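K.L.:
model the structure of this input:
(2 chains)
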There are 2 protein chains.
Amino acid sequence: MTCPAPIRKYDSVVLGHGSGGRLSRDLIADVFRPAFANGQPFAIEDQATLPFPASGRLAVTTDSFVVRPLIFPGGDIGSLAVHGTVNDLAVGGAEPLYLAASFILEEGLDIRILELVCASMRAACDAVPLPLVTGDTKVVDRGKGDGIFITTTGVGVVPTGINLSAAFARPGDRVVVSGTLGDHGIAILAAREGIELETTLESDSASLAGLARDILGASRAVRCMRDPTRGGLSSALNEIAAASNVGIVLTEDRIPLRPEVRGACELLGLDPLYVANEGKLVAIVDAEETNRVLEAMLRNERGRDARVIGEVVDRHPGVVTMRSVVGGERIVPLLAGEQLPRIC
Amino acid sequence: MTCPAPIRKYDSVVLGHGSGGRLSRDLIADVFRPAFANGQPFAIEDQATLPFPASGRLAVTTDSFVVRPLIFPGGDIGSLAVHGTVNDLAVGGAEPLYLAASFILEEGLDIRILELVCASMRAACDAVPLPLVTGDTKVVDRGKGDGIFITTTGVGVVPTGINLSAAFARPGDRVVVSGTLGDHGIAILAAREGIELETTLESDSASLAGLARDILGASRAVRCMRDPTRGGLSSALNEIAAASNVGIVLTEDRIPLRPEVRGACELLGLDPLYVANEGKLVAIVDAEETNRVLEAMLRNERGRDARVIGEVVDRHPGVVTMRSVVGGERIVPLLAGEQLPRIC
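P.N.:
Reported below is the predicted structural model:
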């Protein structure tokens, strides 16, 4: 990280940093402004006012991030809070335009951690690129929070002519995934529980804005896209199957898994279809256009392991199944509870 | 509150309610959908896509709410989370269009409290009116949160021709406040600490969207507006004085205070200029247009105690002062820390 070097009056967060008074102003001046300034005068209004394209529809998405630990292999809560919201816009076919971020800090938080997280958010924003246009900070008493919670809200524009929905899948469509599954969830779990994997597995946390753009540029026969985060691929596909009233059949040996994820899942009794991803998407595509979409994905760094993993069927509407290597077919239900709490 | 009456599987929040799986779906079906459904199909996408007016500028604001206690005289964290964000849009001259809400729930939270808070949010939204278009829920382990934190993000449109900024105040302008100061802060303090006031003082938590519309309809010579929340009137005016490089002089006996707020402040050693409001605004207005603006405010329920409390001067730029009843003038500095933590 690039550390701004003001003489800080506090090494850790105090309640007064959330007061709206001079300490709040100091926190903005010492931490947020160095991290997020972009050559424009730093906003002094309570809201950002911004231009908006004359055509298209507005897209809005919001997510809170409570991941534990705050910093993990491949990312941290700051980059994750940017990627998660960017990806929710991207899979809806929206071009990300603006980001808002609100912080809930726990009294006693080391300000260097906050600086690191802000620098990481900034780098993630710059990579999209996406300007952070407004924000807020609250501080809660020690023991009433957990270091840092971040809520990001993304505003984007869905260009005229793009219309994706979980309700648009039709029998015959193909299910395409952009790469290996479960990397984020297993990386977090390993970091949290101190599990030694053979190699250091990194979270796949990344922006999918470019990949989504490439996919939609290649074909208009994309029915919908999802980023399979909490609840994994299973939750995303169960939603689509229910919304479109179709069945979805996956082919087990087509599911892309890193060996270390496969190994960790076997060891821990986890099903990789339920493990969270933060840099992958699944697309439902008209069969005839699938090759065109796949080629576009393979040319993008974020889609170089893309492949078809299943298809949409008219059998068992609302149900997702998996065809195993030996030929059986089992139901892949929506998971009831929590395999891995606080994964994002 | 109107309580939806499904047979609930859980009386309190469990970690699985944040899993993205079936329990998350149940929480949406049992709590969020009954509270927020508006006759439209409840969203199944990760983002809302929405129409936007062809002219004007987009306004975006975000705030986290961590108020303690969750329920207080005159409101609760749900209505407050709506009003706070609506008011940030309104004082910027924006018409509120859409609201996003993200919840961070603590494991063990009584679901009836969540239902009450959601019903209250819905009522506050309906009163604006403002549709809640997208949301998110995360659950943190017991002892890592504090019941409910809510982050709301508001999207609005600033009509062409409206241009307000804290940097626009000019010497000679008048400072107009919409009503009594400090009601929210003292109501929260009394509820939290069990202080008995002579009457039950209620928070002023309310939407200022209508009042702001009336003000801007009455005159285009409004320089800027602020809702003096955390840090109170003092913080708002210090920001304006600094941004406009002007002085501001308040007249002590013009400051509107409820007797019970005045009494509590004297008793507790608090300065009402620093106590939070959640249903008041301060406007800086061209002197010649002040009467016109004041008349519009007095006709609105939220502005019926409106009055001129001071003026903008070219002396002491960046500094706010108060002229006392006996004639002295003292500086009203930006408060360093926290008079009342977790007030919003």
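K.L.:
going forward, measure contacts between C-alpha atoms and count neighbours the same way
P.N.:
Will do.
K.L.:
quick check: buried residues in the helix or strand where A:Leu116 lies?
P.N.:
Following DSSP states H and E, one finds A:Leu116 within helix A:111-127. Of the residues in helix A:111-127, A:111, A:114-125 count as buried by neighbour count, 16 or more other CA atoms under 10 Å in any protein chain shown.
K.L.:
state the mean pLDDT of it.
P.N.:
Across helix A:111-127, the average pLDDT comes to 96.
K.L.:
what does that helix contact?
P.N.:
A:1-3, A:10-13, A:31-32, A:35-36, A:76-83, A:131-132, A:148, A:207 (CA atoms under 8 Å, 6 or more residues apart in numbering or on different chains).
K.L.:
please repeat the previous calculation with a cut-off of 6 Å.
P.N.:
A:Asp11, A:Ser12, A:Val31, A:Ala35, A:Gly78, A:Ser79 (CA atoms under 6 Å, 6 or more residues apart in numbering or on different chains).
K.L.:
residue ranges with poor pLDDT in the stretch 151-300 of chain A?
P.N.:
The stretch 151-300 of chain A contains residues with pLDDT under 70 at A:198.
K.L.:
near chain B, which residues of it show up?
P.N.:
Counting by CA under 6 Å from any CA of the partner chain, the residues of the stretch 151-300 of chain A close to chain B are A:Arg230, A:Gly231.
K.L.:
tell me the SS of A:Gly84?
P.N.:
In terms of secondary structure, A:Gly84 is helix; the call rests on DSSP: H, G, I helix; E, B strand; the rest coil.
K.L.:
do you know how far it is from A:Ile71?
P.N.:
15 Å (CA to CA, to the nearest Å).
K.L.:
and the two? Which one has more around it.
P.N.:
Comparing A:Gly84 with A:Ile71 by other CA atoms under 10 Å in any protein chain shown, the one with more neighbours is A:Gly84, at 29 against 19.
K.L.:
give me the pLDDT value at A:Ala43.
P.N.:
58.
K.L.:
typed the wrong thing, it's A:Glu338
P.N.:
pLDDT, A:Glu338: 65.
K.L.:
again with the one 5 residues further on
P.N.:
Listed pLDDT for A:Ile343 reads 91.
K.L.:
check A:Met322 too.
P.N.:
Looking at A:Met322, its pLDDT reads 97.
K.L.:
just the strands from the stretch 1-150 of chain A, written as ranges.
P.N.:
A:48-50, A:57-65, A:71-72, A:75-76, A:95-106, A:132-140, A:148-158 (DSSP state E, counting those that start in this stretch).
K.L.:
and the second one, C-alpha only, in PDB?
P.N.:
Going back to what we said before, that points to strand A:57-65. Taking only C-alpha atoms (Å, rounded to 0.1, in the frame of the first residue of the first chain), the coordinates of strand A:57-65 have been written out as PDB:
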ATOM      1  CA  ARG A  57     -32.100   2.500 -17.600                       C
ATOM      2  CA  LEU A  58     -30.600   3.200 -14.200                       C
ATOM      3  CA  ALA A  59     -29.200   0.200 -12.300                       C
ATOM      4  CA  VAL A  60     -28.900   0.300  -8.500                       C
ATOM      5  CA  THR A  61     -27.400  -2.400  -6.200                       C
ATOM      6  CA  THR A  62     -26.300  -2.400  -2.600                       C
ATOM      7  CA  ASP A  63     -24.400  -4.900  -0.500                       C
ATOM      8  CA  SER A  64     -22.900  -4.900   3.000                       C
ATOM      9  CA  PHE A  65     -19.600  -6.600   3.500                       C
END
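K.L.:
parallel or antiparallel, which strands does that strand pair with?
P.N.:
Strands that pair with strand A:57-65, judged by DSSP bridges, come out as strand A:148-158 (antiparallel), strand B:48-50 (antiparallel).
K.L.:
got the angle for the longest one vs strand A:95-106?
P.N.:
Between strand A:148-158 and strand A:95-106, the angle formed by their directions is 170 degrees, by axes from the mean of the first three to the mean of the last three CA atoms, to 10 degrees.
K.L.:
going toward the C-terminus from strand A:148-158, what's the next helix or strand?
P.N.:
strand A:174-177.
K.L.:
buried ones in that next one?
P.N.:
For strand A:174-177, the neighbour count (16+ other CA under 10 Å) marks A:Arg174, A:Val175, A:Val176, A:Val177 as buried.
K.L.:
ok, now stretch A:253-273?
P.N.:
Across stretch A:253-273, burial judged by 16+ other CA under 10 Å covers A:Ile255, A:Pro256, A:Leu257, A:Glu260, A:Val261, A:Arg262, A:Ala264, A:Cys265, A:Leu270, A:Pro272, A:Leu273.
K.L.:
A:Pro131: neighbouring residues, count only.
P.N.:
Neighbour number of A:Pro131 under other CA under 10 Å is 17.
K.L.:
same thing with the one 4 residues further on?
P.N.:
Counted with other CA under 10 Å, the burial measure for A:Gly135 works out to 24 neighbours.
K.L.:
and the nearest residue to it once chain neighbours are set aside, how many neighbours?
P.N.:
Excluding the flanking residues, the one nearest A:Gly135 by CA to CA, 6 or more residues apart in numbering or on different chains is A:Ala101, at 4.7 Å. A:Ala101: 28 surrounding residues under other CA under 10 Å.
K.L.:
equivalent analysis for the one 3 residues further on, please.
P.N.:
Around A:Ile104 there are 24 other residues, counting by other CA under 10 Å.
K.L.:
please apply the same query to A:Tyr274.
P.N.:
By other CA under 10 Å, the burial measure for A:Tyr274, its neighbour count, is 28.
K.L.:
what's the neighbour count on the nearest residue to it once chain neighbours are set aside?
P.N.:
Here the nearest residue to A:Tyr274 in space, its sequence neighbours aside, is A:Gly232; by CA to CA, 6+ apart that works out to 4.1 Å. Neighbour count for A:Gly232, taken as other CA under 10 Å: 26.
K.L.:
contacting residues for A:Gly232?
P.N.:
Here A:Gly232 is in contact with A:Leu273, A:Tyr274, A:Val275, A:Ala276 (CA under 6 Å, 6+ apart).
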